[in-house]
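*Asks:* heads up, no residue letters with this:
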């Protein structure tokens with residue numbers, strides 16, 4: 001585990017020893033999978049010119065940063081005006097992506113026979129209390145729909161006991177010997193009641209209020225940021241109470257041993273709170289957000305380079321000007337290429353940065369290495385199954401999720417093709433998010449991949465793996481068995497017509513999301529990560545070092561703050577100037 005100065009010594013060897021990652025998509029029967037939405041290869045980068053800004057990574061934060069740098073507000077930035085003069089022409093912003101697609105961990109796949117449904121193998125929803133996302137989606141004109149979660153009639157199957165979401169408050173039904181303080185409560189209500197013991201009024205606090213108390217909030221004389229959340233919960237509700245929260249939430253990560261004050265804020269903002277947040281999805285797939293941003297970026301004169309994998313970054317002086325030299329591999333040939341840029345934005349998660357050549361100049365900074373290791377990666381995987389009919393409706397289930405302590409963990413009744421806007425009403429093809437799981441449950445499903453593909457810790461000569469997302473039959477068979485157990489003897493579950501599986505532990509992602517380490521002072525680390533070395537024109541953005549870890553919200557807020565602070569961009573007109581984005 002990487003630790004900062006307050007937590008112990010850190011060596012460069014710690015950063016680069018890494019572990020092999022299990023590949024996500026075992027390639028089997030073609031009928032069970034459809035390929036990702038790839039783009040044309042695009043223009044190959046030219047070594048001759050110096051670009052003004054190179055953005056590395058075409059996930060949502062990279063796409064957003066590239067688009068904003070060429071948007072209408074750029075004309076009002078004195079820093080960008082100066083940069084244009086030094087470049088003797090229009091601002092040249094280039095977006096580099098190692099894979100064949102735009103989107104990063106927003107990965108929308110359209111199942112066969114269901115053109116109006118989209119399997120969201122990465123991010124799948126946002127909250128109406130996340131203003132940057134909501135405002136951007138509205139500005140881009142992308143259609144949305146409500147995203148149901150906990151419907152009263154949906155199932156809970158824990159410790160081989162089956163009941164409904166409406167029965168959480170019945171202690172005779174819930175198979176846990178709970179302390180009086182949380183007995184008769186749902187996991188949501190139980191967790192917020194525990195959090196309120198340590199942070200009174202937490203359920204009604206916004207991000208600005210949380211940021212104000214983080215440096216000083218304490219319990220038993222210790223700062224909450226210096227206490228593991230698992231440890232705190234165990235003291236508060238005991239092992240049985242902690243198990244109830246872990247099992248009932250459907251996420252192990254929520255109650256794991258991460259930074260307590262950050263976990264509290266995330267739990268209140270994401271899952272509980274008052275009033276309860278409302279979830280929304282993108283009707284045409286969440287991947288349409290970065291795709292639309294890139295489309296607009298190109299329309300403004302920006303250049304996209306797919307299959308350009310950055311391996312190393314050096315500092316050079318060219319005609320008296322300091323620039324950053326990017327050593328790339330251009331796939332499929334692996335041809336080496338060097339591109340020089342006046343400014344570089346790393347829109348990359350922790351693992352992608354770790355995979356850069358160890359001699360990259362960033363890694364000479366002990367402070368940067370400490371900040372890089374201030375977060376802990378968390379694995380998660382998803383399995384979508386398509387069917388020729390919505391069999392769950394026979395059981396009175398329509399939408400939202402059921403929860404279990406089986407490795408499936410969460411099952412979402414995703415949708416019926418004929419009920420989607422513009423679809424044939426007679427079409428009964430249906431899509432199920434059969435399993436959404438994290439932490440140790442990911443290992444269970446990985447063992448069922450028929451062709452595991454282990455990557456070297458530093459794969460500088462290996463091309464990025466295509467994102468095909470097909471699922472092996474062994475994995476599907478086990479999921480079908482668990483779905484029958486979850487839904488009970490009355491369930492008549494047909495064989496699936498399609499299957500898609502994604503595990504985000506694979507390189508270069510390294511995790512589905514991240515959490516702040518115990519002891520990390522996020523309010524100090526986030527501004528430093530946006531500009532890690534004061535004397536270098538290099539910046540970092542993305543959700544990994546944010547208050548919204550695992551959310552598009554976190555990626556966009558860090559990208560926007562980086563652009564405002566270090567490129568002098570005024571806030572866009574579609575986003576209120578009073579919107580609080582964080583420290």
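*Replies:* Cool, the structure landed. This structure is a prediction, so every number in the text was calculated from the model and none was measured.
*Asks:* Please look at residue 74 and residue 80 and confirm they touch.
*Replies:* Yes. Counting by C-beta atoms under 8 Å, residue 74 touches residue 80, with 5.1 Å between them. No exception for glycine: its C-beta is placed from N, CA and C like everyone else's.
*Asks:* Need the residues touching each of those two.
*Replies:* 91, 569 (C-beta atoms under 8 Å, 6 or more residues apart in numbering).
*Asks:* biggest helix in this structure by residues?
*Replies:* Longest helix of the chain, by residue count under DSSP state H: helix 229-249.
*Asks:* which residues are contacting the next helix or strand after it?
*Replies:* Going down the chain from helix 229-249, the next helix or strand is helix 260-270, by DSSP states H and E. Defining contact as C-beta under 8 Å, 6+ apart, one finds that helix 260-270 is touched by 127, 129, 191-192, 195, 198-199, 202-203, 205, 207, 210, 213-214, 217, 219, 223-225, 227-229, 232, 254-255, 277, 515-516, 518, 520, 522, 547-549, 551.
*Asks:* from these, which would you call buried?
*Replies:* Among the contacts of helix 260-270, the ones that count as buried by 16 or more other C-beta atoms under 10 Å are 127, 129, 191-192, 195, 198-199, 202-203, 205, 207, 210, 214, 217, 219, 223-225, 227-229, 232, 254-255, 277, 515-516, 518, 520, 522, 547-549, 551.
*Asks:* Okay, and which of those residues map to strands?
*Replies:* With DSSP state E as the criterion, strands contain 127, 219, 223, 515-516 from among the buried ones among the contacts of helix 260-270.
*Asks:* Generate a markdown table for the residues you listed, with pLDDT and distance to residue 373 as supplementary columns.
*Replies:* Converted to a markdown table, those look like this (pLDDT from 0 to 100; distance: C-beta to C-beta, whole Å):
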| residue | pLDDT | distance to residue 373 |
| --- | --- | --- |
| 127 | 91 | 29 |
| 219 | 95 | 25 |
| 223 | 98 | 19 |
| 515 | 97 | 13 |
| 516 | 98 | 11 |
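*Asks:* Enumerate every residue touching residue 383.
*Replies:* Neighbouring residues of residue 383 by C-beta under 8 Å, 6+ apart: 433-435, 445, 471, 475-476, 479, 499-501.
*Asks:* ok, these vs residue 295, which is closest?
*Replies:* The closest of the contacts of residue 383 to residue 295 turns out to be residue 500 (C-beta to C-beta; 24.8 Å).
*Asks:* Pretty sure that closest one sits in a helix.
*Replies:* No. Counting by DSSP: H, G, I helix; E, B strand; the rest coil, one finds residue 500 to be strand, located in no helix.
*Asks:* Is it in contact with residue 111, as I believe?
*Replies:* Yes. With contact defined as C-beta under 8 Å, residue 500 reaches residue 111; the gap is 7.0 Å.
*Asks:* Can you tell me the element residue 353 falls in?
*Replies:* Assigned by DSSP H and E, residue 353 belongs to helix 350-354.
*Asks:* That helix: what's the following helix or strand?
*Replies:* With elements assigned by DSSP H and E, the helix or strand that comes after helix 350-354 is helix 366-372.
*Asks:* quick one on the thing from earlier: other SSEs contacting the longest helix of the chain?
*Replies:* Under the contact definition 3 or more C-beta pairs under 8 Å, 6 or more residues apart in numbering; DSSP states H and E, helix 229-249 sits against strand 155-158, helix 187-198, helix 260-270, strand 401-404.
*Asks:* in it, what's buried?
*Replies:* Applying 16+ other C-beta under 10 Å to helix 229-249 flags 229-230, 232-233, 236-237, 241-249 as buried.
*Asks:* which of these lies closest to residue 184?
*Replies:* Ranked by distance to residue 184 (C-beta to C-beta), the buried residues of helix 229-249 are led by residue 244 at 11.7 Å.
*Asks:* Is the closest residue to that closest one other than its chain neighbours in a helix, a strand, or coil?
*Replies:* Spatially, and ignoring its direct neighbours in sequence, residue 244 is nearest to residue 176 (4.4 Å; C-beta to C-beta, 6 or more residues apart in numbering). Following three-state DSSP, we place residue 176 in the coil state.
*Asks:* Got the confidence number for residue 176?
*Replies:* Note for residue 176: predicted pLDDT of 98.
*Asks:* Run a quick neighbour tally on it.
*Replies:* Residue 176: 18 surrounding residues under other C-beta atoms under 10 Å.
*Asks:* residue contacts, it?
*Replies:* Neighbouring residues of residue 176 by C-beta under 8 Å, 6+ apart: 158-159, 240-241, 243-244.
*Asks:* Can you tell me the element residue 432 falls in?
*Replies:* strand 430-438.
*Asks:* Can you list the helices and strands that that strand packs against?
*Replies:* Strand 430-438 packs on strand 119-120, strand 380-387, strand 410-416, helix 440-446, helix 473-487, going by 3+ C-beta pairs under 8 Å, 6+ apart.
*Asks:* strand partners of it, parallel vs antiparallel please.
*Replies:* The pairing partners recorded for strand 430-438 under DSSP bridges are strand 380-387 (antiparallel), strand 410-416 (antiparallel).
*Asks:* Now distance to residue 332 and mean pLDDT too, for these, in a markdown table please.
*Replies:* Listed next are the strands paired with strand 430-438 as a markdown table, based on distance: least, C-beta to C-beta, whole Å; pLDDT from 0 to 100:
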| stretch | distance to residue 332 | mean pLDDT |
| --- | --- | --- |
| strand 380-387 | 27 | 96 |
| strand 410-416 | 34 | 98 |
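*Asks:* Present the ones you listed as JSON lines; the columns should include distance to residue 285.
*Replies:* Shown next, in JSON lines, are these (distance: least, C-beta to C-beta, whole Å):
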{"stretch": "strand 380-387", "distance to residue 285": "12"}
{"stretch": "strand 410-416", "distance to residue 285": "12"}
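*Asks:* right, and the ones you listed - which one's nearest residue 508?
*Replies:* Of all those, strand 380-387 comes closest under C-beta to C-beta, at 16.3 Å.
*Asks:* which regions of this structure lie under the pLDDT threshold?
*Replies:* For the chain, the stretches with pLDDT under 70 are 1-48, 85-88, 271-276, 450-469.
*Asks:* Spit out the contact partners of the residue nearest the centre of it.
*Replies:* Among the residues of the chain, the one closest to the centroid is residue 550, at 3.7 Å (C-alpha atoms, centre = their mean). By C-beta under 8 Å, 6+ apart, the residues touching residue 550 are 378, 512-514, 543.
*Asks:* out of those residues, which are inside helices?
*Replies:* Among these, DSSP H puts none in helices.
*Asks:* Closest to residue 558 out of those?
*Replies:* In terms of C-beta to C-beta, no member of the contacts of residue 550 lies closer to residue 558 than residue 543, at 7.0 Å.
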